[in-house]
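Asks: pasting the sequence and the predicted model now:
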Amino acid sequence: MDDLIDKLVTRITADLQPDCGAIGEWKTRALQLHAPELLPGDRAAELLDWAREHPRWRLTVAECASEVCAKPREAGIYVAVAIVEELLEEAGLL
């Protein structure tokens, strides 16, 4: 799943470029476009299971659970974007 997160980071980082025009809309685009494309079918639920067991991301899953009530696919997409958001904040990109 790390490779999937890396791909999502790459796509979202492209949205953060000044010439893209989507800086303020990065999260909406991530939730509606990028994450669903990278997490087809059961992949979002697989990511959710992976993140629940991951030492670093299990807290992120718990935080997301308090923010959103969704089916496994939607929850997996939401968690994936939350993980990317945390990584981008650490990198100083947000």
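Replies: Sure thing, it's come through. Quantities reported herein were computed from a predicted structural model and do not represent experimental measurements. Numbering: from 1, shown residues only.
Asks: low pLDDT regions in the protein?
Replies: In the predicted model of the chain, residues 18-24 satisfy pLDDT under 70.
Asks: same thing but at 50, please
Replies: Along the chain, no part satisfies pLDDT under 50.
Asks: so the most centrally placed residue in it, which state does it fall into?
Replies: In the chain, the residue lying closest to the centroid (CA atoms, centre = their mean) is Val81, at 1.7 Å. Under DSSP: H, G, I helix; E, B strand; the rest coil, the three-state class of Val81 is helix.
Asks: list the contacts of it.
Replies: Counting by CB atoms under 8 Å, 6 or more residues apart in numbering, Val81 touches Leu8, Lys27, Ala30, Leu31, Ala35. Where C-beta positions appear, they are placed from N, C-alpha and C, glycine not excepted.
Asks: what's the answer for Leu47, then?
Replies: For Leu47, the contact set (CB under 8 Å, 6+ apart) comprises Met1, Leu4, Leu39, Gly76, Val79, Ala80.
Asks: pick out the most distant pair among these.
Replies: The most widely separated members of the contacts of Leu47, counting by CB to CB, are Leu4 and Val79 (11.7 Å).
Asks: relative to Val84, how far out is Leu94?
Replies: Separation of Leu94 from Val84 (CB to CB, to the nearest Å): 10 Å.
Asks: so the two - more neighbours on which side?
Replies: Comparing Leu94 with Val84 by other CB atoms under 10 Å, the one with more neighbours is Val84, at 25 against 15.
Asks: helix or strand: which one has the more buried one?
Replies: helix 72-90 (DSSP states H and E).
Asks: just the CA atoms of that helix, as CSV, please.
Replies: In CSV, the C-alpha atoms belonging to helix 72-90 read as follows (Å, rounded to 0.1, in the frame of the first residue of the first chain):
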residue,chain,number,x,y,z
PRO,A,72,-15.6,0.7,3.6
ARG,A,73,-14.9,2.0,0.1
GLU,A,74,-15.6,5.6,1.0
ALA,A,75,-13.9,5.3,4.4
GLY,A,76,-10.8,3.9,2.7
ILE,A,77,-10.7,6.8,0.3
TYR,A,78,-11.1,9.3,3.1
VAL,A,79,-8.3,7.6,5.1
ALA,A,80,-6.0,7.6,2.1
VAL,A,81,-6.5,11.3,1.6
ALA,A,82,-6.0,11.9,5.4
ILE,A,83,-2.7,10.0,5.3
VAL,A,84,-1.5,12.0,2.3
GLU,A,85,-2.6,15.2,4.0
GLU,A,86,-0.4,14.3,7.0
LEU,A,87,2.5,13.5,4.8
LEU,A,88,2.2,16.8,2.8
GLU,A,89,2.0,18.7,6.1
GLU,A,90,5.2,17.0,7.3
